[in-house]
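In: structure of the sequence below:
(one chain, ligands or ions: 1)
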Amino acid sequence: MAHLLSPTGEARAAAARIAELSDRGHHDVALVLGSGWSEVVTGLADPGTAVTIPAADLPGFVVPAAAGHRGTVTSCLVDGVPLLSVAGRTHLYEGRGTGPVVHPAHVAAAVGARALVLTNAAGGLRDDMSVGDLVLIRDHLNLTGRSPLTGPVFVDLVDAYSPRLRAAAADAIGSAETAAAEGTATRPPEGVYAAMPGPQYETPAEIRMLRTLGADLVGMSTVPETIAARGLGLEVVAVSLVTNLAAGVTGQPLDHTEVLAAGAAGSARLTGALRALVPAVARA
Ligand code: HPA
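Out: Model prediction:
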């Protein structure tokens with residue numbers, strides 16, 4: 001795959017500092033923990049392997065504005081695989097431009113990761129979706145009106161979400177979920193993620209529009225990071241936690257605390273899913 005972009009100087013500086021503080025010169029996989037997923041970071045690491053750094057102490061990271069986003073970077077091993085995780089992403093709606101939004105993708109490339117795992121909270125648009133569902137992103141609609149790229153950087157987005165890694169991730173999450181439920185296999189479904197600029201939630205009319213456009217999930221993140229990561233030559237796998245049904249589906253108002261509560265309620269499950277997914281992606 002062609003590398004059209006190189007990691008920014010700030011990302012290279014952050015990677016050097018991470019290597020120094022963690023004593024790990026290389027990370028195989030990078031992970032961004034979105035809204036509702038931040039609690040996972042404590043249970044993810046092999047015991048005694050985690051080194052956590054406040055994001056504010058590393059070049060290029062800005063302190064996240066949204067509640068539920070911690071602002072830490074952790075180097076650890078997961079089933080022996082060196083992982084760099086970022087808890088607390090910057091969103092486009094913070095108004096700082098795309099630079100800080102895609103900084104974790106640049107840092108992922110700078111620490112040597114081959115794969116970037118993106119997690120997020122999303123509204124579910126499909127009738128067969130329920131709060132708490134995990135859905136693998138198959139493709140996206142970039143409705144933010146923005147790109148993290150400038151200039152003639154013609155990044156290919158066919159198979160932006162690696163089919164190979166998606167298959168490995170589906171198997172891994174399926175077995176973790178099956179173990180957790182002590183029952184039937186629950187291989188996660190796939191869906192198309194529509195990225196909206198936010199920070200307001202959608203109107204019911206916008207949700208009807210998104211359905212018509214082929215969206216299954218709606219959120220305010222992930223897409224800029226995916227675009228940058230593909231330009232940087234990383235493979236991407238992205239998982240949405242359905243934290244609410246999209247606007248107008250239930251007739252109830254949407255509330256950010258509901259989004260966070262859905263994550264907290266499922267945090268042991270999400271940890272199990274990611275503990276299975278990270279090594280599966282690294283070894284796929
Ligand atoms: N819309 C947009 N972003 C979201 C939603 C939603 O319904 N749920 C979680 N993030």
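In: what sits against the closest residue to Asp23 other than its chain neighbours?
Out: Leaving aside its chain neighbours, Asp23 sits nearest to Val51 (7.8 Å; criterion: CB to CB, 6 or more residues apart in numbering). Placement of C-beta: from N, CA and C, glycine included. Shown in contact with Val51 (CB atoms under 8 Å, 6 or more residues apart in numbering): Leu21, Ser22, Asp23, Thr74, Ser75, Cys76.
In: which among the residues you listed gets closest to the ligand?
Out: Among these, Thr74 lies closest to the ligand (CB to the nearest ligand atom), at 23.2 Å.
In: which residues does that closest one form a beta bridge with?
Out: Beta-bridge partners recorded for Thr74 (DSSP bridges): Thr52, Ser85.
In: what's the local residue count around it?
Out: Neighbourhood size, Thr74 [other CB atoms under 10 Å]: 23.
In: and it, how far is that from Thr144?
Out: Between Thr74 and Thr144 the computed distance is 28 Å (CB to CB, to the nearest Å).
In: got the confidence number for the residue nearest to Asp23?
Out: Note on Val51: pLDDT of 96.
In: now pLDDT and distance to Glu10 too, for the contacts of Val51, in a markdown table please.
Out: Output for the contacts of Val51, formatted as a markdown table (pLDDT from 0 to 100; distance: CB to CB, whole Å):
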| residue | pLDDT | distance to Glu10 |
| --- | --- | --- |
| Leu21 | 96 | 16 |
| Ser22 | 96 | 18 |
| Asp23 | 96 | 22 |
| Thr74 | 96 | 19 |
| Ser75 | 97 | 18 |
| Cys76 | 97 | 23 |
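In: buried subset of those as a PyMOL selection?
Out: A single PyMOL command is used to select the members of the contacts of Val51 judged buried by 16 or more other CB atoms under 10 Å:
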select buried, resi 22+74+75+76
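In: for the contacts of Val51, give me a markdown table that also has distance to Ala205.
Out: A markdown table is the format used below for the contacts of Val51 (distance: CB to CB, whole Å):
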| residue | distance to Ala205 |
| --- | --- |
| Leu21 | 49 |
| Ser22 | 48 |
| Asp23 | 53 |
| Thr74 | 41 |
| Ser75 | 45 |
| Cys76 | 44 |
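In: write out the residues of the stretch 101-250 of the chain neighbouring the ligand.
Out: When proximity is defined by CB under 6 Å from any ligand atom, the stretch 101-250 of the chain lies next to the ligand at Ala121, Ala122, Gly123, Met196, Tyr201, Glu202, Val218, Gly219, Met220, Thr243, Asn244, Ala246.
In: who's in contact with stretch 73-85?
Out: The contact list for stretch 73-85 (CB under 8 Å, 6+ apart) reads 14, 18, 21-22, 24, 26-33, 41, 44-46, 49-55, 58, 61, 86-87, 107-108, 111, 113, 274-275, 278-279, 282-283.
In: flag every buried residue along that stretch.
Out: For stretch 73-85, burial by neighbour count (16+ other CB under 10 Å) applies to Val73, Thr74, Ser75, Cys76, Leu77, Val78, Val81, Pro82, Leu83, Leu84, Ser85.
In: dump these to JSON lines, plus distance to the ligand.
Out: Output for these, formatted as JSON lines (distance: CB to the nearest ligand atom, whole Å):
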{"residue": "Val73", "distance to the ligand": "23"}
{"residue": "Thr74", "distance to the ligand": "23"}
{"residue": "Ser75", "distance to the ligand": "28"}
{"residue": "Cys76", "distance to the ligand": "27"}
{"residue": "Leu77", "distance to the ligand": "30"}
{"residue": "Val78", "distance to the ligand": "26"}
{"residue": "Val81", "distance to the ligand": "29"}
{"residue": "Pro82", "distance to the ligand": "30"}
{"residue": "Leu83", "distance to the ligand": "24"}
{"residue": "Leu84", "distance to the ligand": "24"}
{"residue": "Ser85", "distance to the ligand": "20"}
